[in-house]
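J.: Model the following, please.
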Amino acid sequence: FAILDVDYGGSTGYGRDYRRRLRGSWGVVDVDDVCNGAKYLVDQGLADPKRLCIDGGSAGGYTTLGALAFRDTFTAGTSLYGIGDLCMLAGDTHKFESRYLDGLVGEYPKEEALYKERSPIESIETLSCPILLLQGVEDKVVPPNQAESMHQALLKKGIPTCIKLYEGEQHGFRKAE
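T.: Residues are numbered from 1 along each chain as shown. Below is the predicted model:
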C-alpha cells in the first residue's frame with residue numbers, strides 16, 4: 001500500500017501565493033489536489049484505483065467528504081470531526097471562528113448558494129462508498145451535529161456508514177483511550 005500526505009493549495013510553507021490559492025476556493029482547490037495526488041499514484045502504478053481511501057480531520061475532514069461527494073476518485077473514506085454542511089457550520093461554530101468561512105468560501109448569508117453547492121451533505125445523491133465519521137461530543141469548532149446529520153443522510157440513502165462519538169473529546173482527539 002501507499003500513503004500520500006497532501007499539502008493542498010492553501011497550506012503553509014510554500015509561499016504566499018500557494019497559501020492564497022484556497023481563498024474563496026475551499027472545497028475546490030483542496031479536493032482537486034487530493035484527487036490529483038491519488039490519480040498520480042495510480043498512474044505511477046503505486047496504487048490500485050479500486051482501493052483508494054481518504055481520511056482527514058477538521059478541514060481535512062471537509063476535504064474528505066468533498067472528495068467523496070464531488071469526485072469519483074476514492075472508494076471509502078473517514079472524516080474526523082469534519083464539515084458536511086457549510087451553512088450549518090456558519091451558524092454553529094464558536095465565536096472565534098465565526099467569520100472564518102468568509103475568506104475560504106464567501107460572505108454568509110450573502111453567498112448561501114455557494115455554501116450549499118460546496119456542502120457534501122447537499123450532494124448525498126452522488127455518494128456511493130462507505131464512510132466512517134469520528135467526532136468529539138464536546139467539539140465547539142465543528143459541532144457534533146455535523147457528523148450526526150451526515151450520518152443520518154448517509155443512512156437514509158443506504159450507504160454503508162458508521163459514526164463514533166467520543167465522550168469528553170473536543171476538536172481533535174487528546175485522550176489515550
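
J.: Please give me every residue in contact with the residue most central in space within the chain.
T.: The centre of the chain sits closest to Y62, judged by Cα atoms, centre = their mean, with a distance of 1.4 Å. With contacts defined as Cβ atoms under 8 Å, 6 or more residues apart in numbering, the neighbours of Y62 are W26, G27, D30, G56, S79, G82, I83, G84, P120. For every residue, glycine as well, the C-beta is placed using N, CA and C.

J.: Same question for S119.
T.: G84, D85, L86, C87.

J.: On the three-state scheme, the residue nearest to the centre of the chain is what?
T.: Here Y62 is helix, with the state taken from DSSP: H, G, I helix; E, B strand; the rest coil.

J.: what does the one 5 residues further on give?
T.: The three-state label for A67, taken from three-state DSSP, comes out as helix.

J.: what's the longest helix along the chain packed up against?
T.: Assignment by DSSP state H gives helix 29-43 as the longest helix of the chain. Secondary-structure packing of helix 29-43 (3 or more Cβ pairs under 8 Å, 6 or more residues apart in numbering; DSSP states H and E): helix 59-70.

J.: For the helix it packs on, list the C-alpha coordinates in PDB.
T.: Extracted in PDB, the C-alpha atoms of helix 59-70 (Å, rounded to 0.1, in the frame of the first residue of the first chain):
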ATOM      1  CA  ALA A  59     -10.700  21.000   7.400                       C
ATOM      2  CA  GLY A  60      -9.200  17.700   6.100                       C
ATOM      3  CA  GLY A  61     -12.500  16.000   7.100                       C
ATOM      4  CA  TYR A  62     -14.300  18.500   4.900                       C
ATOM      5  CA  THR A  63     -11.900  17.800   2.100                       C
ATOM      6  CA  THR A  64     -12.500  14.100   2.600                       C
ATOM      7  CA  LEU A  65     -16.300  14.400   2.400                       C
ATOM      8  CA  GLY A  66     -16.000  16.800  -0.500                       C
ATOM      9  CA  ALA A  67     -13.700  14.400  -2.400                       C
ATOM     10  CA  LEU A  68     -16.200  11.600  -1.800                       C
ATOM     11  CA  ALA A  69     -19.200  13.700  -2.700                       C
ATOM     12  CA  PHE A  70     -17.900  15.700  -5.700                       C
END
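
J.: Quick check: L134 vs Q44, distance?
T.: 30 Å (Cβ to Cβ, to the nearest Å).

J.: more neighbours, the two?
T.: L134 (20 against 9; other Cβ atoms under 10 Å).

J.: What strand or helix carries that one?
T.: strand 131-136 (DSSP states H and E).

J.: strand partners of that strand, parallel vs antiparallel please.
T.: Strand 131-136 has the following strand partners under DSSP bridges: strand 76-80 (parallel), strand 161-166 (parallel).
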